[in-house]
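1. From the sequence below, what's the structure:
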Amino acid sequence: MKIAAAAYPLDFLETWEQYAEKLTSWVAEAAQEGAELLVFPEYGAMELATLAGADVARDLEASLHAVSDRLDAADDLHARLAREHGVHILAASGPAATETRPVNRARFFAPSGQSGVQDKQIMTMFERDDWKVIGGGPLRVFDTALGRIGVLICYDCEYPLLARALKDCDIILVPSCTEALAGYWRVRIGAMARALEAQCVTVMSSTVGEARWSEAVDVTVGAGGIFGPPDTGFPSDGVLAVGPIGKPGWTYAEVDLDAVAAVRKSGVVRNRAHWDEQSGCDGTPEHVTLR
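-> Next comes the predicted model:
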């Protein structure tokens, strides 16, 4: 299959029609290139807050709820585009209201019309201290016509035990939103490490550019990337494709899931199979005093 990972700029929108035209154009472009799986980034949905006006978009608390109020309409649009183009789409994540505080939620759409959601598990310091966004529902494995797919939203990808819970996935999607080059590399290194450990394919999508109308996503740095284990059937550096940092657009890669099955069965190393052999994996290493 061909996978498309977005480096997605956030725009100030005057009308809903502008958003619909933008998303329709992005999906159509990737579909015309033959992509079957399209991955949009973390907090890419924040541009929906601008539909409530500049004052709301600038206000951290108000912007959370303005985006949440638009998610149902955005989901209807994504579902229609997935169906019309015959593609799977991971929509850009955004704040979704709960009975307490909003969660950071990605939504996944199949061409059949079925959909599911994945909430971010672990909040960054900004999310938990300044924005008061909370961790959401459980990790999920999506059984699709393309294979088994999981989602680790940005910071979640930096935690190997979360990825271990998704060890049966063929592909792990990593939508991200990072304000500095160091943040981009943290998530990218995490995505590449998860591909190594689980012997699977990981797909990183990023927000890019300036959105000065929002304190939350005012400047973001990133790129699209598709990674695999550096082993039999994959590139020696594990990089299937990576886009230029900061440049909007799609990054594409052809992925053969038979190669995932093969490397898990007969790769030079068997990280996934040998996980439980790690010394001290219960968190209680032996202490030795040397003086």
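
2. And the contacts of stretch 234-243?
-> Outside of stretch 234-243, the residues that reach it under the criterion Cβ atoms under 8 Å, 6 or more residues apart in numbering are 5, 7, 192, 195-196, 201, 223-230, 249-255, 259, 263. Placement of C-beta: from N, CA and C, glycine included.

3. Would you confirm that residue 186 contacts residue 159?
-> No: no contact is recorded between residue 186 and residue 159 when judged using Cβ atoms under 8 Å, the distance being 11.5 Å.

4. Mind listing what's buried along stretch 106-119?
-> Burial within stretch 106-119, assessed by neighbour count using 16 or more other Cβ atoms under 10 Å, is assigned to 106-111, 115-119.

5. With stretch 177-193 instead?
-> Within stretch 177-193, judged by 16+ other Cβ under 10 Å, the buried ones are 177-179, 183-184, 186-188, 190-193.

6. Run the chain-centre distance for stretch 77-91.
-> 16 Å (Cα atoms, centre = their mean, to the nearest Å).

7. for stretch 79-94, that is, sorry about that
-> Between the mean C-alpha position of stretch 79-94 and that of its chain there is a distance of 14 Å (Cα atoms, centre = their mean).

8. how about residue 206, phi and psi?
-> Residue 206 has phi and psi values of phi -140, psi 150 when expressed as degrees, to the nearest 10.

9. Residue 288 versus the residue nearest to residue 243 when sequence neighbours are not counted, what's the distance?
-> What sits nearest to residue 243 in space, not counting adjacent residues and going by Cβ to Cβ, 6 or more residues apart in numbering, is residue 251, at 3.7 Å. Residue 251 sits 47 Å away from residue 288, taking Cβ to Cβ, to the nearest Å as the criterion.

10. circling back: mind picking the two most distant members of the buried residues of stretch 177-193?
-> Checked with Cβ to Cβ, the buried residues of stretch 177-193 reach their widest spread between 179 and 193, with 21.4 Å between them.

11. List the buried residues in stretch 1-10.
-> Under the neighbour-count criterion of 16+ other Cβ under 10 Å, stretch 1-10 has 1, 3-10 buried.

12. Tell me which of the buried residues of stretch 177-193 fall in helices.
-> Among the buried residues of stretch 177-193, the ones falling in helices (DSSP state H) are 183-184, 186-188, 190-193.

13. about what we covered before: pipe the buried residues of stretch 177-193 into TSV and attach distance to residue 146 per row.
-> Shown next, in TSV, are the buried residues of stretch 177-193 (distance: Cβ to Cβ, whole Å):
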residue	distance to residue 146
177	25
178	27
179	32
183	29
184	26
186	28
187	23
188	23
190	23
191	18
192	21
193	23
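
14. any chance of these in JSON lines, plus distance to residue 243 and pLDDT?
-> What follows is the buried residues of stretch 177-193, written out as JSON lines (distance: Cβ to Cβ, whole Å; pLDDT from 0 to 100):
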{"residue": "177", "distance to residue 243": "16", "pLDDT": "98"}
{"residue": "178", "distance to residue 243": "14", "pLDDT": "98"}
{"residue": "179", "distance to residue 243": "18", "pLDDT": "96"}
{"residue": "183", "distance to residue 243": "16", "pLDDT": "98"}
{"residue": "184", "distance to residue 243": "11", "pLDDT": "98"}
{"residue": "186", "distance to residue 243": "18", "pLDDT": "98"}
{"residue": "187", "distance to residue 243": "14", "pLDDT": "98"}
{"residue": "188", "distance to residue 243": "11", "pLDDT": "98"}
{"residue": "190", "distance to residue 243": "18", "pLDDT": "98"}
{"residue": "191", "distance to residue 243": "13", "pLDDT": "98"}
{"residue": "192", "distance to residue 243": "15", "pLDDT": "98"}
{"residue": "193", "distance to residue 243": "20", "pLDDT": "98"}
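
15. Which of the buried residues of stretch 1-10 sits closest to residue 271?
-> Minimum distance to residue 271 across those is 21.8 Å, recorded for residue 3 (Cβ to Cβ).
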